[in-house]
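Participant: the following block contains a protein sequence and its predicted model.
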Amino acid sequence: MFRNFKKFISAEAEGIGVVEVILILLVLILLVVVFKDQLTGIVNSIFKNINDQVNTISS
C-alpha cells in the first residue's frame, strides 16, 4: 500500500516538472515572437560589428 502511494507521488512530481518546462518554453517562445524585431536588430548589429572588425584586421 505504502509502495503504491510512493509511486503515485513520484509520478505526480514528474508530471508537474513536465508541465513547468512546457510553460517556461511557451513563455520564451512568446517573448521571442513579441520582441522579434528588436532581437533581429541586435543580432544584425552584432554581426555587423564582427564583420567590420574582421575587415580592419585583414586590411
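Facilitator: Now that the structure is in, tell me what you want to look at.

Participant: and stretch 25-34, average pLDDT?
Facilitator: The average pLDDT for stretch 25-34 rounds to 95.

Participant: which regions of this structure lie under the pLDDT threshold?
Facilitator: By pLDDT under 70, the weakly predicted segments of the chain are 1-2, 9-15, 59.

Participant: for it, which segments count as helices?
Facilitator: For the chain, applying DSSP state H gives helices covering 2-34, 36-58.

Participant: got the angle for the first one vs helix 36-58?
Facilitator: Taking axes from the mean of the first three to the mean of the last three CA atoms, to 10 degrees, one finds helix 2-34 and helix 36-58 inclined to each other by 70 degrees.

Participant: which strands or helices does helix 2-34 pack on?
Facilitator: Applying 3 or more CB pairs under 8 Å, 6 or more residues apart in numbering; DSSP states H and E, we find helix 2-34 packed against no helix or strand. Glycine gets a C-beta too; all of them are placed from N, C-alpha and C.

Participant: from the chain's centroid, how far away is it?
Facilitator: Its chain's C-alpha centre and that of helix 2-34 lie 15 Å apart, by CA atoms, centre = their mean, to the nearest Å.

Participant: got the helices of the chain as JSON lines, with mean neighbour count columns?
Facilitator: Listed next are the helices of the chain as JSON lines, based on neighbours: other CB atoms under 10 Å:
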{"stretch": "helix 2-34", "mean neighbour count": "10"}
{"stretch": "helix 36-58", "mean neighbour count": "10"}
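
Participant: got the phi and psi for residue 35?
Facilitator: phi -100, psi 30 (degrees, to the nearest 10).

Participant: can you count the residues close to it?
Facilitator: Look at residue 35: counted by other CB atoms under 10 Å, it has 12 neighbours.

Participant: from residue 20, how far out is it?
Facilitator: For residue 35, the distance to residue 20 equals 23 Å [CB to CB, to the nearest Å].

Participant: over to residue 6?
Facilitator: Residue 6 sits at a distance of 22 Å from residue 20 (criterion: CB to CB).
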